[in-house]
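**Student:** model this:
(4 chains)
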Protein chains: 2
Amino acid sequence: MSASKSSKGLQRAELARRTGANLETVRYYEKVGLLPPPPRTASGYRSYDGAHERRLGFVLRARELGFSLEEIRALLRLVDEREQPCAEARGLAATHLADVRAKITDLKRMERVLKDVVAQCGDGMRPDCPLIETLFREKIDKEFGASKPQ
Amino acid sequence: MSASKSSKGLQRAELARRTGANLETVRYYEKVGLLPPPPRTASGYRSYDGAHERRLGFVLRARELGFSLEEIRALLRLVDEREQPCAEARGLAATHLADVRAKITDLKRMERVLKDVVAQCGDGMRPDCPLIETLFREKIDKEFGASKPQ
DNA sequence: CCTGCGGTCTGTAGCGACTACAGGGTCAAG
DNA sequence: CTTGACCCTGTAGTCGCTACAGACCGCAGG
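**Tutor:** Predicted coordinates:
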């Protein structure tokens, strides 16, 4: 219980608990250079402080937005090294936004086709399953769901 | 060049070319049991026929719809073993459709936040980068983009 | 003092779905 | 008979973790 909350010396489990990260993920982020190696106690235990907590929070929030670890590394470099990081950070975010939108587009196409085949399957009593027939037929058409021919 | 197009004996590269699969993926799908091991020539070369092409097409089309290999294995089992696979296939597709919709929801949340921070960054000349501030601030709010409080 | 239990440490293996290579064998053309 | 393009196998790498195994440490109770 005694979380030694004043000043210094969070253990790994405590840092994980505070940030919501998985225990092993903390060590992993250190290994891949997203979290700086913290000082150690005499017996080798990691000892984190507020700066580590803040940085780990940054990484976790960036993950929530779908940034890859490589992109997060780039963001952290900007934070650490640039005086005016906004333009470059904005660029990274804009690129990532485009990726996210592309994924949404892909998934919506999947959703449309799946919705249609599930509907065609109806109560599932048909001898010729429309889903299976669709998968055996050639190329799944871009305009499979003809509701909006664009 | 001579593709020996009549009847039998597609080589791996030829099958890959016809279906659009990556050359190595063909071998991988065999290894993980999605594609049955084809007969071999005297010297050990794989020799595919139309049934293989059809089955590989099925797998690739299912992948296009975002089914995992495990789900595709289940679909193929239905095709191979069930007389009336439609109800079960429909179930698999419906479950997968729900997954796809959940992913879309996640990505849309990301998109909304990213769009907002990129907009806030404006021309990127701000000394306090809104993107970076957002990532350092606490929890990214569900209602971050308050454009549609709904 | 010993014992036990929980924490920490390290390194490594596993996931899914490939992809790419190394190090060989085979085949047909020139 | 050599060249080059194909094929074979097995294995390692990718990404972002997660979960062990086996060892060590620290503290409480008896």
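
**Student:** can you list the residues of chain A near DNA strand C?
**Tutor:** Within chain A, the positions lying close to DNA strand C (C-beta under 7 Å from any atom of the strand) are A:11, A:12, A:13, A:14, A:23, A:24, A:27, A:40, A:44, A:45, A:46. In short, each C-beta sits where N, CA and C put it, glycine included.

**Student:** Go back to those residues and keep what's next to chain B.
**Tutor:** Residues of the residues of chain A next to DNA strand C in contact with chain B (C-beta under 8 Å from any C-beta of the partner chain): none.

**Student:** ChimeraX command to pick out the buried ones of those?
**Tutor:** In ChimeraX syntax, the buried subset of the residues of chain A next to DNA strand C is picked out as below (16 or more other C-beta atoms under 10 Å in any protein chain shown):
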select /A:12,46
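
**Student:** and the residues of chain A next to DNA strand C, which of them are in helices?
**Tutor:** A:12, A:13, A:14, A:23, A:24, A:27 (DSSP state H).

**Student:** could you point out where chain A is predicted with low confidence?
**Tutor:** Along chain A, the model assigns pLDDT under 70 to residues A:1-8, A:138, A:140-150.

**Student:** In it, which helix is the longest?
**Tutor:** Longest helix in chain A, counting by DSSP H: helix A:86-121.

**Student:** Any part of it near chain B?
**Tutor:** Yes - applying C-beta under 8 Å from any C-beta, one finds helix A:86-121 touching chain B at A:86-91, A:93-94, A:96-97, A:100-101, A:103-104, A:107-108, A:110-111, A:113-115, A:117-118, A:121.

**Student:** Can you turn the buried part of those residues into a PyMOL selection?
**Tutor:** Buried subset of these, written as a PyMOL selection, criterion 16+ other C-beta under 10 Å:
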select buried, chain A and resi 86+87+88+89+90+93+94+96+97+100+101+103+104+107+110+111+113+114+115+117+118+121
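
**Student:** and the longest helix of chain A, what does it pack onto?
**Tutor:** helix A:69-81, helix A:130-136, helix B:86-121, helix B:130-136 (3 or more C-beta pairs under 8 Å, 6 or more residues apart in numbering or on different chains; DSSP states H and E).

**Student:** JSON lines for these, including distance to DNA strand D?
**Tutor:** Compiled in JSON lines, the helices and strands packed on helix A:86-121 are given as follows (distance: least, C-beta to the nearest atom of the strand, whole Å):
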{"stretch": "helix A:69-81", "distance to DNA strand D": "3"}
{"stretch": "helix A:130-136", "distance to DNA strand D": "24"}
{"stretch": "helix B:86-121", "distance to DNA strand D": "14"}
{"stretch": "helix B:130-136", "distance to DNA strand D": "14"}
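
**Student:** Compare these and report which one is nearest to residue B:80.
**Tutor:** Evaluated with C-beta to C-beta, the helices and strands packed on helix A:86-121 place helix A:130-136 nearest to residue B:80, the distance being 11.1 Å.

**Student:** excluding its backbone neighbours, what's nearest the residue with the largest distance to the centre of chain A?
**Tutor:** With distances taken as C-alpha atoms, centre = their mean, the residue sitting farthest from the centre of chain A turns out to be residue A:127, at 41.6 Å. Closest residue to residue A:127 apart from its sequence neighbours, by C-beta to C-beta, 6 or more residues apart in numbering or on different chains: residue B:84 at 6.6 Å.

**Student:** quick one: that neighbour is in a helix?
**Tutor:** No - Residue B:84 sits outside any helix when classified using DSSP: H, G, I helix; E, B strand; the rest coil, being coil.

**Student:** can you pull the contacts of the nearest residue to residue A:87 once chain neighbours are set aside?
**Tutor:** For residue A:87, ignoring the flanking residues on the chain, the nearest one in space by C-beta to C-beta, 6+ apart is residue B:124 at 3.0 Å. Contacts for residue B:124 (C-beta atoms under 8 Å, 6 or more residues apart in numbering or on different chains) come out as A:86, A:87, A:88, A:89, A:90, A:91.

**Student:** right, and the residue nearest to residue A:127 touches residue A:125 too?
**Tutor:** Yes - the pair residue B:84 / residue A:125 is scored as a contact, 7.5 Å apart, by C-beta atoms under 8 Å.

**Student:** Looking at those two, which one has more neighbours?
**Tutor:** residue B:84 (13 against 10; other C-beta atoms under 10 Å in any protein chain shown).
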